[in-house]
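Novice: Pasting a predicted model and its sequence here:
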Amino acid sequence: MAFLEIKDVHKRFGYLEVLRGVDMSVNEHQVVCLIGPSGCGKSTLLRCINGLEPIQGGEIKLEGDRVSGPGVDVNRLRREVGIVFQSFNLFPHMSVIENVTLSPTKVLGFSKAEAREKAMALLSRIGLEAKANEYPDRLSGGQQQRVAIVRALAVEPKLMLLDEITSALDPELVSEVLNIVRDLAGQGMTMLLATHEMGFAREVASKVCFLYDGVVHEEGPPEKIFGNPEHERTRAFLKRIIEAGRL
Amino acid sequence: MSDIAAKERVGGALPTLPARTDGLSLAALLFAGFCVLCAWGATRTVASALDHLQIERGAGWSIVFFLVIAATAILFWPAARSWSFSSRARQALSTNNIVEARIDAAAAREWSYLTFGWGATSLVLLAFASFIMANNAGVGKTFFYLPLIAEKWDLVLRAFWNNIKIFVIAEILVLIWGLVVAIARLMPGPAGRPVRLLAIAYCDIFRGLPAILTLYLVGFGLPISGLPDLIVPPIVGLFVNFDGMTAAEIKQFTRIPLTWYCILALTLTYGAYVAEVYRAGIDSIHPSQWAASRSLGLSYLQTLRYVIVPQAVRRIMAPLLNDFIGLQKDTALVQVIGVVDGFNQARMIASNAFNLSAVTIIAIIFVLITIPQARFVDRLVERDQARMRAAS
Ligand SMILES: Nc1ncnc2c1ncn2[C@@H]1O[C@H](COP(=O)(O)OP(=O)(O)OP(=O)(O)O)[C@@H](O)[C@H]1O
Ligand SMILES: [Mg+2]
């Protein structure tokens, strides 16, 4: 049984049907990359998985339990599933350490001291323990994204959703963020990430899903998707990416 | 052609000819002269008022006279500098040194504007002095009669203590009540709809009602309705033993002071304003902050409490202060239901003495208390702004 199962998920914004029956799955310790043209619904799918958007059809299962639709304890679901967005992640009125310890203390019921200790351990893993008492406006974009990842990890989620976490960064800051994701993958963290960094997807992904027109158009191991895509659409998309110099 | 102009050519476009500044400099000189004339006129007005009041003009007056004229005459200095820069610009132009001419012309303009700015300021001050001393110091005596001010200021200040009590308590209540209403207005989903409607109705009504009307209705209406007599004694009875008191005594004992009706009325009025301010602040927080917080497992209320409201409050500091200053000024209205406040006290003094100086005291007090608040909020806003801008 897959760790995360997405079956025939439909999502509408008013009359605009963004997801029209998405089927995909993520196994434990797998890193799955979601690629596709801008506006194809990658972010929307990730938000649906985390319960930030209700879905209009189909179902989402985490470890065999249904986590979509009515009657689901979304606050509990979100403890199992961490998400990091493209930008506007950190709370600007809180210092780095307060950002990281907010959820452990308020949601998981850790004491301040415990949460702090854990947070410092996580921060030192990404080399930012010196910035613990800084406010987000004193951090570079890359540092902010690293803190955002650590903040999501502080809840000890079983699954991480990363939504184009490097696309708002200057090129020289991208690698420091991707290194952390690489480390996480090495430690066996289950991850689903939407990305435009095809080179990175190729390197870390166990599986790549090409989302197009509201469905998973093609999926497979990165060698196949990037090296020998079956479908015309996938080829056209990758061709444009290569022309843009991103592969 | 000079070196600089040549260099400028190499760099790119040839600088254009500067606009002539001779006229401007001349105007500055004339304006400075006009200001000195006005200063002399103002001293005449003051002097004649002093004579009329039979105040001896001794050496002190000579010093004041000299200082006023000298201070205004200082205006000739920037005007003269402006004129000399204009001349230099003219010379530079005649030797075809366009860059130099532009620099000098700019300086000439700068100095002439300085003359105009300070000259206008001094004219306003002189006009104010003349206004007060005009009609043989009639204006001054009416508003600034020092003996009366010296005698009565502590009486007015003590009455103003009532205003302070009312607005401090009302402001605390408004902060809480406004937030409650704002959150009610933002209640999500169809289940929140009736609450939202209620909150909207409240805001519409109490923002529409003039504060003085609300005060009147609450301050007179509630006691007359007898509702407080119905509610308060049983509550007080929980803590106090009424044995041996007659009904009238109990009523007397549990009567709510009028001041509290004022506080209630002002809280209702300003709660509606502040709720709107809060709502705007909460709406202005980027939706991603909601998503980020909810995705960490925080509930709706926790998200409001720890993430959204703290940021919103920092953003609304300035408009919040506006409403608070409005509230503070509206404490001058409480006299309509017979509460003695600073303004009421000042009016009584004024009608007894047939002189408005006591009212001037209260006016000055009202202005004075807002200034430190404004500076305080300026500093808070400055401190938070950088941080809030980096919400990415
Ligand atoms: N809250 C919303 N209301 C209405 N339409 C929305 C909303 N959020 C997203 N959409 C629409 O859904 C579509 C998919 O958006 P989504 O953000 O999921 O795309 P994406 O694949 O993440 O694109 P990108 O690569 O640019 O981030 C877009 O057409 C967008 O306009
Ligand atoms: Mg997106």
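Specialist: Noted; the coordinates are in hand. Values in this document were obtained by computation on a predicted structure and should not be read as measured data. Numbering: from 1, shown residues only, chains lettered A, B, ... in the order given. Ligands and ions are numbered 1, 2, ... in the order given.

Novice: Check A:R182 and give its pLDDT.
Specialist: pLDDT, A:R182: 88.

Novice: Skipping its backbone neighbours, what lies nearest it in space?
Specialist: A:V204 (6.0 Å; C-beta to C-beta, 6 or more residues apart in numbering or on different chains). For the C-beta atoms, the positions are set from N, CA and C on the backbone; glycine is no exception.

Novice: Surely the one you found touches A:L184?
Specialist: No - distance between A:V204 and A:L184: 9.3 Å, which falls outside the contact criterion (C-beta atoms under 8 Å).

Novice: can you list the residues of chain A near chain B?
Specialist: Contacts of chain A with chain B, taken as C-beta under 8 Å from any C-beta of the partner chain, map to A:47, A:50, A:52, A:74-76, A:78-79, A:82-83, A:85, A:87-93, A:102-103, A:106-108, A:135-137, A:141, A:144, A:148, A:151-152, A:155, A:168.

Novice: ok now do B:V339, which residues does it touch?
Specialist: B:162, B:166, B:219, B:258-259, B:262 (C-beta atoms under 8 Å, 6 or more residues apart in numbering or on different chains).

Novice: from these, which ones fall inside helices?
Specialist: Using DSSP state H, B:162, B:166, B:258-259, B:262 are the members of the contacts of B:V339 that sit in helices.

Novice: ok, of the residues of chain A next to chain B, which come out buried?
Specialist: A:47, A:50, A:52, A:74-75, A:78-79, A:82-83, A:85, A:87-93, A:102-103, A:106-107, A:135-137, A:141, A:144, A:148, A:151-152, A:155, A:168 (16 or more other C-beta atoms under 10 Å in any protein chain shown).

Novice: Convert the C-alpha atoms of stretch B:288-302 to CSV, please.
Specialist: Extracted as CSV, the C-alpha positions of stretch B:288-302 are listed here (Å, rounded to 0.1, in the frame of the first residue of the first chain):
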residue,chain,number,x,y,z
SER,B,288,-0.1,33.0,2.8
GLN,B,289,0.3,33.8,6.5
TRP,B,290,-3.0,32.0,7.1
ALA,B,291,-1.9,29.1,5.0
ALA,B,292,1.5,28.9,6.7
SER,B,293,0.0,28.9,10.1
ARG,B,294,-2.8,26.5,9.4
SER,B,295,-0.4,24.1,7.7
LEU,B,296,1.6,24.0,11.0
GLY,B,297,-1.5,22.6,12.7
LEU,B,298,-2.6,25.8,14.4
SER,B,299,-6.4,26.1,14.6
TYR,B,300,-8.4,29.1,13.3
LEU,B,301,-8.4,30.9,16.6
GLN,B,302,-4.7,30.1,17.3
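
Novice: Model confidence for whatever residue of chain A ends up closest to chain B, exactly?
Specialist: With C-beta to the nearest C-beta, the shortest gap between chain A and chain B falls at A:D137, namely 3.0 Å. The model reports A:D137 with a pLDDT of 88.

Novice: Pull up the gap between B:G138 and chain A, please.
Specialist: B:G138 sits 56 Å away from chain A, going by C-beta to the nearest C-beta, to the nearest Å.

Novice: before we move on, what about B:A350?
Specialist: For B:A350, the distance to chain A - C-beta to the nearest C-beta - is 49 Å.

Novice: and that residue, how many neighbours?
Specialist: 19 (other C-beta atoms under 10 Å in any protein chain shown).

Novice: cool, and the one 10 residues further on?
Specialist: Applying other C-beta under 10 Å, we find 19 residues neighbouring B:T360.
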